[in-house]
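J.: What would the 3D arrangement of this be:
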Amino acid sequence: MSGAPQGRTSAAVAQSKEKPTGKQEKLDLKPPKGTRDFYPEDMRMRNWLFGHWKDVARLHGFEEYDAPVLESEELYIRKAGEEVTQQLYNFEDKGERRVSLRPEMTPSLARMVMAKGKSLTLPVKWFSIPQCWRYERMTRGRRREHYQVLLPVYRALLPVLSLGLPLSPTL
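T.: Numbers count the residues shown, from 1 in each chain. You can find the predicted model right below:
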């Protein structure tokens, strides 16, 4: 066996093998631009608000679902218009697949409903409060990281009603 490294090496390991310059950069303690930290007092408010929305959804017969925050880039490019595709946080993963952080939940929901197909009992009443990302110009009250409240009703393989509400980042 040769002395060549086996498998993949993380960026952190690669950095630690670099020669030290004697000077270490100061760590930026702010979250990435357009995102926010949720300290315990913020989480209490968010959990209270989301809890009420979940209770109301369940009261009206909706069931909660979730999907991966990382999806195939093609899922969004096929569904979305030019504006959304230009706002994707997308990249090629280590397996050379094009992937994206979800900019919205509707394409993931449609993928899930189509995957189950006729085995679903209609009407389908699912709800979700997903975290989403869009690389867009930030304005007051609008960040790159956001949540949606999604309450679609499927009576067939197309939604009859879909209520999606973007949430203000200042809960």
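J.: tell me the SS of E71?
T.: At E71 the chain is in strand, as set by DSSP: H, G, I helix; E, B strand; the rest coil.
J.: Please tell me I have it right and it contacts R98.
T.: No. Counting by Cβ atoms under 8 Å, E71 stays clear of R98, with 10.3 Å between them. Heads up, the C-betas are built off the backbone N, CA and C, glycines and all.
J.: Comparing the two, which residue is more hemmed in?
T.: Legend: neighbour count by other Cβ atoms under 10 Å for E71 and R98, higher for E71 (18 against 13).
J.: what pairs with that one across the strands?
T.: Listed by DSSP bridges, the beta-bridge partners for E71 are S100.
J.: And it, how far from M45?
T.: 29 Å (Cβ to Cβ, to the nearest Å).
J.: E82 too?
T.: For E82, the distance to M45 - Cβ to Cβ - is 36 Å.
J.: who's more crowded, those two?
T.: M45 (11 against 8).
J.: how far away is the more buried one from L150?
T.: Distance from M45 to L150, by Cβ to Cβ: 21 Å.
J.: isn't there a helix covering H146?
T.: No. H146 sits outside any helix when classified using three-state DSSP, being strand.
J.: What's the local residue count around S72?
T.: 16.
J.: my bad, K116
T.: 11.
J.: which secondary structure element contains it?
T.: helix 106-116 (DSSP states H and E).
J.: Show me which positions of that helix end up buried.
T.: For helix 106-116, a neighbour-count test (16 or more other Cβ atoms under 10 Å) marks T106, P107, S108, L109, A110, M112, V113 as buried.
J.: What of stretch 65-82?
T.: So for stretch 65-82, counting by 16+ other Cβ under 10 Å, buried means Y65, E71, S72, E73, L75, Y76, I77, A80.
J.: tell me which residues in stretch 123-137 are buried?
T.: Those would be V124, K125, W126, F127, S128, I129, P130, C132, W133, R134, for stretch 123-137 by 16+ other Cβ under 10 Å.
J.: what's the distance between the nearest residue to the last one once chain neighbours are set aside and H146?
T.: Looking back up the chat, that one is R134. The shortest distance from R134 to any non-neighbouring residue, by Cβ to Cβ, 6 or more residues apart in numbering, is to Q87 (4.2 Å). As judged by Cβ to Cβ, Q87 and H146 stand 12 Å apart.
J.: Just the helices from the protein, written as ranges.
T.: Remark: helices assigned in the chain by DSSP state H are 11-17, 40-59, 73-79, 82-86, 106-116.
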